[in-house]
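S.K.: what's the 3D shape of this:
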Amino acid sequence: MPDLEHPRLIISNFLSFDECKELEFIHKSCSTVGYRPNVFSTTLSHLIATNSSHLIMPFIPIRERLKDKLEEFFGCEYELFTEFTGLISWTKGSSIGWHSDDNRPYLKQRDYAAVCYLNSYGADFSGGLFHFQEGEPTSIMPMAGDVVMYTADHRNIHSVDEIIDGERLTLTLWFSRDGSHDEDAKLISLLSQNLLHDKMAVPSLPLPASCNMYWFSGEQGSSQQLGFNICWARLQILGYDIYLSQDDDCDSDVSEFLIKPVQLVRGSEMLEQEFVNILHVLQVVHFYLWKASTLQTREATIDKKITKLSELQRQKINGLNSVVLSDPGLVARVFSRISEESVSICFDWKGIVAAINAWEDYTSTLIKQIHLQLPYWKSHQSMYNVQVGE
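M.R.: This next block holds a predicted model:
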């Protein structure tokens, strides 16, 4: 039985290495500006709204395992509903003071929380230690795969130290006994609306949300302030540039750039492959980072042409960057550390081309799965891992 004074549970290696990396891929290629300064978030409803509904599939078995373990430990089997599921990352300067998760009136429905760490203190970020105000353990050092579960009330008041460097990434779930706050019913309704036509034959391509959801400024203010678009920033810190395939004026509104076809640039070279928009190329690049070690590239040939940038094309890229990355210094401060694994991956155009094909296969598989499982979810008004026969 849990400690009734401070009921909490810490489990090491609850998630596998590959589960952590898959969720990291989803977050870094789909996230938006979060609910507080220097925080980024990816919710399941956002994935559905941006035509990436299939990317909710990796969450489903993890949510089930977390809910089952939490109900077992706290003795509340079959009583809980998942109220919120989201990926949240904290970058330099973000922190949380002492609080309980239900200390705001509009969050009173939250009864339990589960926080899964997707990367590790020391290796991926500095700072960001988790502390409980009372009870044991008093402090938790986040390590990839570990999970902490606790009651979302005054018995588990907690805080998070300021992030000094890097990006601290978590999968966070809240649970409620109040069925009116069940996340599943809302998500199933959204899925039903967004999957009316059959997309099983071709991969589903992402569609960006509104521009302000991707615009980061130091004060989280108006889009007119200095700042950067996080999609472009995540690519630039990895050593990539983006070339607009269409001959557009870089004085255009940033929102227009989100939906324009683009090409990927590395140094002085450009891949002729055209991506439908910035989110499309961002997903492929982060898929490459996730799967680089398993991609079959040794005997591969590049079926896409690589061209040298002209001076005019370089000027056009620089002009675009001055708009979407209007404060390069802020980019460097926020994304102040690239993981050692990302740096150690030896760039190869063959790898990128192989990643494009592998990403399409991965996406197609998830699309088939969600189309097969959605009828069961609609019937039970619950999202669970359906064992569908071939």
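
S.K.: can you list contacts of the helix or strand containing Tyr243?
M.R.: Secondary structure assignment for Tyr243, by DSSP states H and E: strand 240-244. The contact list for strand 240-244 (CB atoms under 8 Å, 6 or more residues apart in numbering) reads 232, 235, 257, 260-266, 270, 278, 281, 285, 309, 313, 316-317, 320-321. (Glycine included, C-beta is placed from N, CA and C.)

S.K.: helix or strand next in line after it, which one?
M.R.: Downstream of strand 240-244 (by DSSP H and E), the next one is helix 254-257.

S.K.: grab the longest strand from this structure for me.
M.R.: Longest strand in the chain by number of residues, with DSSP state E as the criterion: strand 163-176.

S.K.: tell me what that strand is packed against?
M.R.: Under the contact definition 3 or more CB pairs under 8 Å, 6 or more residues apart in numbering; DSSP states H and E, strand 163-176 sits against helix 17-30, helix 59-74, strand 81-91, strand 112-117, strand 125-127.

S.K.: so what are the sheet partners of that strand and their directions?
M.R.: Within its sheet, strand 163-176 is paired with strand 81-91 (antiparallel), strand 112-117 (antiparallel), strand 125-127 (antiparallel), according to DSSP bridges.

S.K.: re the thing from before, output the strand holding Tyr243 as PDB, nothing but the C-alphas.
M.R.: Listed next in PDB are the C-alpha coordinates belonging to strand 240-244 (Å, rounded to 0.1, in the frame of the first residue of the first chain):
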ATOM      1  CA  TYR A 240      20.000  22.500 -42.000                       C
ATOM      2  CA  ASP A 241      18.600  25.400 -43.900                       C
ATOM      3  CA  ILE A 242      15.300  25.600 -45.800                       C
ATOM      4  CA  TYR A 243      14.900  26.900 -49.400                       C
ATOM      5  CA  LEU A 244      11.500  28.000 -50.500                       C
END
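
S.K.: for the most centrally placed residue in the chain, give me its contacts.
M.R.: The residue lying closest to the centre of the chain (CA atoms, centre = their mean) is His27, at 1.1 Å. Each residue near His27 by CB under 8 Å, 6+ apart is listed here: 40, 42, 87, 89, 118, 169.

S.K.: hmm, back to that, which parts of the longest strand of the chain are buried?
M.R.: The neighbour-count check on strand 163-176 (16 or more other CB atoms under 10 Å) flags 163, 166-171, 173-176 as buried.

S.K.: equivalent analysis for stretch 16-25, please.
M.R.: Neighbour count says stretch 16-25 has 19-25 buried, by 16+ other CB under 10 Å.

S.K.: between those, which is closest to Val33?
M.R.: Glu24 (18.0 Å; CB to CB).

S.K.: what's the distance between the closest residue to that closest one other than its chain neighbours and Ser52?
M.R.: Of all residues not flanking Glu24 in the chain, Leu118 sits nearest, at 5.5 Å (CB to CB, 6 or more residues apart in numbering). According to CB to CB, to the nearest Å, Leu118 stands 18 Å off from Ser52.

S.K.: one more: Trp377?
M.R.: Per CB to CB, Trp377 is found 17 Å from Ser52.

S.K.: what do you get for Leu80?
M.R.: 27 Å.

S.K.: and Pro137, by the same measure?
M.R.: Relative to Ser52, and taking CB to CB, Pro137 is found at 37 Å.
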